[in-house]
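>>> model this:
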Amino acid sequence: MAEVLRIAPADRYRLAPLLDPRLPQDAMVAYYGLQHPADRVVVYGYYHVAHAPSGFLAVAQTGYDLFRPIAVPFVGSQAALRALLTVSLQPGRPVMLHLPAEQRAWAEETVDLSDPRIVELHRLDTKAFRPEINVLVVPVPSPTGLPRFEVRSGETVRASAGVNWKGDLFAEVYVESQPEAASQGHRRSALAAIAGQLLSEGRLPLYQVGEADVASQAEAHWVGFRRTGDRSLLAQALLRPPAGTAGESR
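Residues are numbered from 1 along each chain as shown. From the prediction side, this is the model:
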């Protein structure tokens, strides 16, 4: 009978055969499943047979959202996703769920989703990369120790770009900015700076861009990012109470 078990940090290597870390679409789940610091992640395995997980879900504390952990599943069936979500999520505690877009209906059988958006995974094409020299872009220390670049005007940060996570082969970047920063080219400059930094470290930058965010897609393409064809759902998820428990007195 299939079961869900918490995977000890020393046993996370057992997940490696499920993944291909050379593929951009596997890079994020490979990082959280195998490499995220053990004191900031809990990993659950879905087992059809003992000692051989066929899927998993990582619940990780990140700098992306200080109040909601990110939940990243890697499964091949609705039954596996249902079992992992039921065991790993705590009632009343929201998480940011990140999973393949085509598995949304599977997740909605178990969790309530809010603020959903579809993001497209872009991979930097090193041959198309356009380094951009902008004296306003400066490296700054980040609380996590990961690289970060900012464009400032006085005390105001006009745009910034940093790293969500960094694995052996890939790293995922993000960009934040004031509304006018895009038209001034600051977002693009910050994105090019963080991409160049990661390339200098021997890592290939990945960038998840909202499917409806046409401006950011154009910006990413100018810098040299190209679509991989991978689409994911990012949404807040709250475990749905078991049937028959709603309205019960405390």
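
>>> give me the number of residues near L234?
Each residue near L234 was counted by other CB atoms under 10 Å, and the total is 18. Using the backbone N, CA and C atoms, a C-beta is placed for each residue, glycine as well.

>>> quick one: what helix or strand has it in it?
When elements are assigned from DSSP states H and E, L234 belongs to strand 225-239.

>>> please compute how far the lowest-mean-pLDDT helix or strand in the chain lies from its chain's middle.
The helix or strand of the chain with the poorest confidence is strand 148-153; it has a mean of 89 (mean pLDDT, DSSP states H and E). Between the mean C-alpha location of strand 148-153 and the chain-wide mean there is a distance of 23 Å, by CA atoms, centre = their mean, to the nearest Å.

>>> contact partners of the helix or strand immediately after that strand in the chain?
Scanning forward in sequence from strand 148-153 by DSSP H and E, the next helix or strand is strand 156-166. Contacts of strand 156-166 with the rest of the structure, by CB atoms under 8 Å, 6 or more residues apart in numbering, involve 28, 31-32, 36, 62-64, 140, 142, 146-152, 171-178, 180-181, 184, 186-187, 189-191, 193-194, 198, 203.

>>> rerun at 6 Å
31, 64, 142, 146-151, 171-178, 181, 186-187, 190-191, 194 (CB atoms under 6 Å, 6 or more residues apart in numbering).

>>> list the buried ones in that strand?
157-166 (16 or more other CB atoms under 10 Å).

>>> how close does the residue most central in space within the chain sit to A52?
Geometric centre of the chain, nearest residue: M28, 6.0 Å, by CA atoms, centre = their mean. According to CB to CB, to the nearest Å, M28 and A52 sit 23 Å apart.
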